[in-house]
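# what shape does this take:
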Amino acid sequence: MERLVDLKDISDGRLYSRDDLVRAGCGNCEGCSACCQGMGTSLVLDPLDVDRLCRGLGATFQGLLQGPLELGAADGMILPHMAMKGEKERCSFLNEEGRCKIHSLRPGFCRLFPLGRFYENRSFCYFLQVHECPKKNRAKVRVSKWLDTPDIGKYEEFVSRWHYFLKDTGDFLRQKQDQELSKKVCVYILERFYAIPYNGEFYSVFFERLTEAERLLA
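Alright, predicted model coming up:
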């Protein structure tokens, strides 16, 4: 989800690569689950997030939408996000002790926090959000280690291409101002990238689907 803010107001003023050290280490979040509550619809999931959950939990996308996930508007598209439930709007995957029940399967935004992504020139860098995490005296950790994601190069290519695909598609639909077309495109994206399982290696199947979608929507 894009945020139109000044980086000087929310970061330490630096941009980081995956090989840089950043003060994000928070002691395994001992006794804290602040970032897992009250997030509204902001924890938007990408296709890799949903694929991880489906494989790890033995679930389908449609099944997840009956419980821990919801659909909502994000940057002009209809996309899945984590459902915040109860009086405190807690993530559905928090246990009674406030610990994540799916830590090894957690979504990309959860792995990223308290970092953010700054997109520019069809690529992106990382930045440290300085007001979001209440933990003090955080330790330095390498960005790639913090993300805890295998094959980081392919992952970053995936993140970048998915972001700009959604951005380009959203811009195109806003120019067309055709509600019926927008509905068809949103249904296509949900079905093609989320509902149909990724049998085999995720990235190769995803990039095939993305190339096809880019060609169809060109």
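
# which helix or strand contains Ala59?
In this structure, Ala59 sits in neither a helix nor a strand according to DSSP states H and E.

# pretty sure Ser33 contacts Asn95?
No. Using CB atoms under 8 Å as the test, Ser33 is too far from Asn95 to be in contact (9.6 Å). The way it works is simple: take the backbone N, C-alpha and C, and place the C-beta from them, glycine included.

# show me which of the two is the more surrounded one.
Legend: neighbour count by other CB atoms under 10 Å for Ser33 and Asn95, higher for Ser33 (16 against 10).

# and the more buried one, how close does it get to Gly56?
Taking CB to CB, to the nearest Å as the measure, Ser33 falls 20 Å from Gly56.

# again with Cys26
24 Å.

# same question, Tyr16
Going from Tyr16 to Gly56 by CB to CB gives 28 Å.

# between those two, which has more neighbouring residues?
Shown here are Tyr16 and Gly56; by other CB under 10 Å, Tyr16 has more neighbours (19 against 11).

# so that one makes contact with Val22?
Yes. Because the distance of 5.3 Å satisfies CB under 8 Å, Tyr16 is recorded as touching Val22.

# which neighbours do the two share?
Leu115, Tyr126, Leu128, Val143 (CB atoms under 8 Å, 6 or more residues apart in numbering).

# farthest pair within the residues you listed?
Leu128 and Val143 (9.7 Å; CB to CB).
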